[in-house]
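Chemist: One predicted model, sequence on top.
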Amino acid sequence: MSSPPVTLQHVAKKAGVSATTASHALRGSGVVKMSTREKVHAAAAELGYQLDLNASALARRSRSGSARYVKTACLGPGSKANVEMLESTCNTLKILGHNIEYHTVETSYEMRQEISRLYHAGVDGLLFYRTSHLAEDLTAREMLDHFYLVEIGQISAQLPIDRVRTDHFLSTFRLWKICHDRGFRRIGAALMSHRTRIIEDDTRLGGILAAQSSVASRAITKIPPFLGNFSDEKGLLRWLRKHRPDCVIGFHGGIRALIRDHGFDCAFINLHLTMEGPYASAGMSEQLDMIGEGAARLLDHGLRLQLRGFPAVAQDLVIPAVFHDHPSFSVAG
């Protein structure tokens, strides 16, 4: 059985640099120190690797001349947000010359089956919506070494995968500052937490704590954020009664209904914008089309560089959300 072909990532690993640096060194482009350039060339020579200067075109074409086959996989329900994000991804990849398959994958077992099928089909790239189960699934992780991987949207696991996501740290930081600038002085954050904590739970919390620390005024009451899970309504009510915030930054619109139904006199602003219906409120709107396009371009770029598997240093591209006001969010006083 023949050994697998040597890729740019193998050269980069041997030289102790990133794949992008290795590519620049071999092409003679970019700003690369001479010592690094020599180290990369030595690694390529030792491994017998030759850079194909036409790879940018060939990486997307099979022997028959058709576009390369790229798999887009989504773990979890096909919600409106997921569909909008992945539609943008697929449309961009088609423009860039890729063939796309998109499937909603509901369970860890289904994802593992899909990865196995794609592995045997010789697929080049995989895009995930959520990877929380893959951290423990060693069989799937071994197969993933043969793909270039990009994670999009909700980030669920501490795996070294290139990612494109919303900047939730900036979102909570900005919302707290907006509340402060409108005169609120007892600002509470009902951030909630997933049953199994994900990276975004920590980034949201970090944004609130950073915003609180940025204001030194004694007039501000720094209320500890509520971090109970989504089903802990009793805990949320206890938190509201204890701290009596004049404004609540909430994880979802249902918190506004709870505040209203239990007679709390406070404003509400939503981390995830709800535009219409009884939960309509001011809040942050994720730029799903930009996240999708960013993921597509990152995937295309990685395939051009012939990247595979888990990188030594993962890229984390964050897209800021946009604030939208609403009459329900009034000025304090």
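Modeler: Structure's in. What do you need? Owing to the predicted nature of the structure, the values given are computational and were not obtained by experimental measurement.
Chemist: going forward, measure contacts and count neighbours with C-alpha atoms only.
Modeler: Will do.
Chemist: Run through who's touching stretch 33-40.
Modeler: V11, A12, A15, A22, A25, L26 (C-alpha atoms under 8 Å, 6 or more residues apart in numbering).
Chemist: For that stretch, what is the distance to the chain centroid?
Modeler: Relative to its chain's centre, stretch 33-40 lies at 33 Å (C-alpha atoms, centre = their mean, to the nearest Å).
Chemist: quick one: average confidence on it?
Modeler: For stretch 33-40, the mean per-residue pLDDT is 80.
Chemist: Go through that stretch and flag the buried ones.
Modeler: T36, R37, K39, V40 (16 or more other C-alpha atoms under 10 Å).
Chemist: Restricted to strands, list the residues you listed.
Modeler: In strands, defined here by DSSP state E, there are no members of the buried residues of stretch 33-40.
Chemist: Which of the residues you listed sits closest to I220?
Modeler: The nearest member of the buried residues of stretch 33-40 to I220, counting by C-alpha to C-alpha, is T36 at 52.0 Å.
Chemist: mind checking how far the closest one is from A25?
Modeler: Remark: distance between T36 and A25 (C-alpha to C-alpha, to the nearest Å) = 8 Å.
Chemist: Roughly how far does E142 sit from R112?
Modeler: In terms of C-alpha to C-alpha, E142 sits 11 Å off from R112.
Chemist: Neighbour count for the two, which is higher?
Modeler: Set E142 next to R112 and count neighbours by other C-alpha atoms under 10 Å: R112 wins out with 19 against 10.
Chemist: Check the secondary structure at the residue positioned nearest the centre of the chain for me.
Modeler: Closest to where the C-alpha atoms of the chain average out (C-alpha atoms, centre = their mean) is R165, at 2.9 Å. When classified by DSSP: H, G, I helix; E, B strand; the rest coil, R165 comes out as strand.
Chemist: Quick one, grab the pLDDT at it.
Modeler: 89.
Chemist: for the stretch 101-250 of the chain, what spans make up the strands?
Modeler: Ranges of strands in the stretch 101-250 of the chain, per DSSP state E, counting those that start in this stretch, are 125-128, 148-152, 162-166, 187-190, 247-250.
Chemist: now the ones you listed as a markdown table including distance to I199?
Modeler: Formatted as a markdown table, the strands of the stretch 101-250 of the chain follow (distance: least, C-alpha to C-alpha, whole Å):
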| stretch | distance to I199 |
| --- | --- |
| strand 125-128 | 16 |
| strand 148-152 | 13 |
| strand 162-166 | 11 |
| strand 187-190 | 17 |
| strand 247-250 | 18 |
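Chemist: residue contacts, N270?
Modeler: N270 touches I249, G250, F251, H252, G253, S281, A282, G283, M284, counting by C-alpha under 8 Å, 6+ apart.
Chemist: Among the contacts of stretch 33-40, which one has the most neighbours?
Modeler: Going by other C-alpha under 10 Å, A22 tops these with 28 neighbours.
Chemist: how many neighbours does N91 have?
Modeler: Using other C-alpha under 10 Å, the number of residues around N91 comes to 15.
Chemist: for the one 10 residues further on, same thing?
Modeler: The local packing count at E101 equals 11, with neighbours defined by other C-alpha under 10 Å.
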